[in-house]
Every structure is written in structure tokens, then in C-alpha cells.
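1. below is the sequence, then the predicted model.
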Amino acid sequence: MIGNSRLHWALFVDNTLNSTWDTEHLSASDMQLLAKTNTLPLSPSSTRPIFLSSNLPITLVLASVVPTQTKLWQTYPNVRLITLNHIPIKGMYPTLGIDRALALYGAGKTYGFPILVIDVGTALTFTGVDHQQRLIGGAILPGLSLQFNSLGQNTGQLPSLKTNSITSLPQRFALNTKEAIQSGVIYTLLAGTKDFIESWLSLFPDSKIAITGGDSDLLKSYFQTYDPEISAQLISEKNLIFLGMEKILFGNG
Ligand SMILES: Nc1ncnc2c1ncn2[C@@H]1O[C@H](COP(=O)(O)OP(=O)(O)OP(=O)(O)O)[C@@H](O)[C@H]1O
Ligand SMILES: CC(C)(CO)[C@@H](O)C(=O)NCCC(=O)O
Ligand SMILES: [K+]
């Protein structure tokens with residue numbers, strides 16, 4: 001899965017999700033080396049990719065929300081691209097992100113329809129589907145890092161905060177800059193997310209709610225203090241997209 005900030009990898013063995021890891025986006029020259037040697041990067045994003053080769057021919061299945069990266073990866077041998085056409089959800093609009101569609105399908109097939117998926121990644125998205133597997137719709141807003149970075153980059157006096165510097169809920173009425181930014185971004189995000197959830201549940205009272213993405217643990221942990229009742233309803237699953245892929249590729253579910 002080619003995301004906006006990094007690559008998310010999964011290994012499927014015997015038609016089943018086996019393991020997952022993340023790496024950075026690859027450069028064109030890294031890509032040429034991979035294609036030539038038929039290898040794939042198996043390493044965490046924090047270090048430089050190590051390229052391990054396999055004795056078996058590996059089929060690379062790709063889903064991407066980054067067109068420039070999609071183009072690079074299509075030079076790899078044995079590559080298959082997953083598109084919206086492969087996803088059995090009705091009423092999708094043509095520019096819907098494939099990550100949203102896959103996560104929605106993976107969540108629905110795993111926990112049942114209807115379902116609302118909250119993906120807390122580079123962008124934060126809400127995506128909902130009804131009992132009949134019809135897309136109801138959703139919303140897109142800047143994710144946590146993007147909100148902090150846009151404040152840091154577009155002002156003279158504000159620092160760019162890192163999401164990992166915030167462990168617990170800040171004081172709402174803050175008396176220093178760092179906590180004022182944390183308060184503004186986090187309490188607004190919590191209130192907004194709560195409002196989307198309540199609005200969804202008023203349409204689909206028996207719906208499940210799943211949460212995924214790089215900052216989903218952080219958002220969920222804030223909810224534990226902010227609104228324990230909502231927090232208890234959130235099903236955390238980091239691999240929603242890969243569960244969706246598993247079901248589409250192998251019909252598991
Ligand atoms: N090791 C990490 N590397 C990069 N980002 C991380 C890491 N751990 C947590 N994050 C957080 O995850 C966010 C990105 O989430 P995620 O990895 O789901 O996004 P993505 O790859 O852009 O995928 P998507 O396109 O679905 O948003 C970053 O904004 C950052 O705050
Ligand atoms: C919203 C993101 C960036 C989330 O990764 C991605 O799903 C995307 O580029 N979507 C296209 C627009 C849409 O989903 O309506
Ligand atoms: K763009």
C-alpha cells in the first residue's frame with residue numbers, strides 16, 4: 001500500500017496475511033535495482049531499506065494513493081494493481097481513494113456492515129458504508145502531523161510539534177505556546193471526531209466503528225480520557241487495508 005508518507009508492506013503466505021512492516025518511499029534508482037534483482041525491501045522505515053531476495057517468484061500486489069510512486073512501481077516484474085473496480089462496494093465515486101475503499105471493505109468483511117472507518121494517517125478520513133455494502137460517504141481533513149506542520153511552517157513564531165511529544169491530553173486553556181497548539185489541535189479533533197461518530201450512529205445505530213492509521217493509537221488514547229464511552233466503541237485494527245486486500249485477492253471472508 002503506497003500511502004502519502006510511507007510504504008506499508010504485507011506478506012501473504014498461503015492466501016493469508018502473514019506479516020506487515022513499513023518503509024520509506026523508494027527512489028527511482030532504488031526501484032531500478034529492485035526490478036533488476038527481483039528483490040523487495042524488508043525493513044522498518046527508520047533505517048535504510050535492506051533488500052532481501054526470495055527463491056520463489058513473488059507477485060507484487062499494489063494499491064496506491066500516490067500516482068508518481070504508482071508509476072515507479074509498475075516497472076517491477078509481476079506487479080498487479082488493485083483499483084476501485086476490484087472492490088465490491090456500491091456507489092463509489094471515481095476519485096475515491098483506494099486506501100479508503102480497501103479499509104472500508106476489510107472492516108466490513110471482518111466486523112460486519114454497516115461500518116464507519118476512521119483512518120488517522122497523513123490525512124484523516126471518515127468513510128461509511130451501509131448494510132447493503134453501499135458507500136454512504138465520508139470526509140477528509142488534515143491528519144495530526146499535517147496540522148502541526150502547517151502551523152509550524154506557515155507562521156513566524158510557532159514550532160512544528162511532533163505527534164510523539166504528546167503523551168496525554170493537554171490542559172485545555174493553556175499558558176504556553178506548545179500546549180496551546182496541542183490543545184487547539186487535539187480538542188478540536190476530538191470534538192469533531194465525536195460529532196462525526198454521533199452523526200453516523202444516528203443514521204446507523206447498530207453500526208461498528210473501526211479506527212486505523214499511523215496515529216490511530218494516539219487518537220484512541222486521547223478518547224479514553226475525553227470520552228470513555230466513545231473510546232470503548234472504537235475497534236482498533238492497523239491492518240484494515242491488508243484485510244481488505246486479503247479478502248479481494250483470496251476471497252477470505
Ligand atoms: N514510524 C513512523 N513513520 C512515519 N509516520 C509515523 C510513524 N509512526 C507514526 N506515524 C504517524 O503516522 C502518520 C501517517 O500515518 P500512515 O502511516 O497511516 O499514513 P500514510 O502512509 O500517509 O497513509 P495514508 O495515505 O493512509 O494516510 C504520520 O503523520 C505520523 O504522525
Ligand atoms: C484522502 C487520502 C489522501 C487518504 O489517504 C486518499 O484516500 C486520497 O487521496 N483520496 C482521494 C480523494 C477521495 O477519497 O475522495
Ligand atoms: K495532492
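-> Cool, the structure landed. Ligands and ions are numbered 1, 2, ... in the order given.
2. which stretches of this structure form helices?
-> 28-37, 67-73, 98-111, 144-153, 177-203, 216-226, 228-233, 240-250 (DSSP state H).
3. between helix 240-250 and the third one, find me the angle.
-> Per axes from the mean of the first three to the mean of the last three Cα atoms, to 10 degrees, the angle that helix 98-111 makes with helix 240-250 is 80 degrees.
4. and if you look at the first one?
-> Interaxial angle, helix 28-37 versus helix 240-250 (the same axes, to 10 degrees): 30 degrees.
5. about what we covered before: which one of the helices of the chain is the most hemmed in?
-> Using mean count of other Cβ atoms under 10 Å, the stretch among the helices of the chain with the greatest mean number of neighbours is helix 98-111 (a mean of 25). Where you see a C-beta, it was placed from the backbone N, CA and C, and this is true even at glycine.
6. packing partners of that one?
-> Using 3 or more Cβ pairs under 8 Å, 6 or more residues apart in numbering; DSSP states H and E, the elements in contact with helix 98-111 are strand 115-120, strand 123-129, strand 208-212, helix 240-250.
7. what's in contact with it?
-> Counting contacts by Cβ atoms under 8 Å, 6 or more residues apart in numbering, the residues outside helix 98-111 that touch it are 1, 3, 63-65, 82-84, 87-89, 92, 114-115, 117, 119, 121, 125, 127-129, 133, 135, 138, 208, 210, 212, 235, 237, 239-248, 253.
8. what's near enough to touch the residue positioned nearest the centre of the chain?
-> The C-alpha lying nearest the average C-alpha coordinate of the chain belongs to Gly213 (Cα atoms, centre = their mean; 3.7 Å). Gly213 makes contact with 118-121, 124, 143 under the criterion Cβ under 8 Å, 6+ apart.
9. closest to Thr75 out of those residues?
-> Each of the contacts of Gly213 was checked against Thr75 using Cβ to Cβ; the closest is Gly121, at 25.8 Å.
10. does ligand 1 sit close to stretch 239-253?
-> No: under the criterion of Cβ under 6 Å from any ligand atom, stretch 239-253 makes no contact with ligand 1; the nearest approach is 7.6 Å.
11. render the CA-only coordinates of that stretch in PDB, please.
-> The C-alpha coordinates for stretch 239-253 follow below in PDB (Å, rounded to 0.1, in the frame of the first residue of the first chain):
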ATOM      1  CA  ASN A 239      -4.300  -3.900   9.100                       C
ATOM      2  CA  LEU A 240      -7.700  -2.900   7.700                       C
ATOM      3  CA  ILE A 241      -6.300  -2.200   4.300                       C
ATOM      4  CA  PHE A 242      -4.500  -5.600   4.200                       C
ATOM      5  CA  LEU A 243      -7.600  -7.400   5.500                       C
ATOM      6  CA  GLY A 244      -9.400  -5.800   2.600                       C
ATOM      7  CA  MET A 245      -6.700  -6.900   0.100                       C
ATOM      8  CA  GLU A 246      -6.800 -10.500   1.600                       C
ATOM      9  CA  LYS A 247     -10.500 -10.700   1.000                       C
ATOM     10  CA  ILE A 248     -10.300  -9.300  -2.500                       C
ATOM     11  CA  LEU A 249      -7.300 -11.400  -3.600                       C
ATOM     12  CA  PHE A 250      -8.200 -14.700  -2.000                       C
ATOM     13  CA  GLY A 251     -11.900 -14.400  -1.200                       C
ATOM     14  CA  ASN A 252     -11.300 -15.000   2.500                       C
ATOM     15  CA  GLY A 253     -14.400 -14.000   4.300                       C
END
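12. state the mean pLDDT of it.
-> Across stretch 239-253, pLDDT averages out at 92.
13. distance from it to the middle of the chain?
-> Distance, stretch centre to chain centre, for stretch 239-253: 15 Å (Cα atoms, centre = their mean, to the nearest Å).
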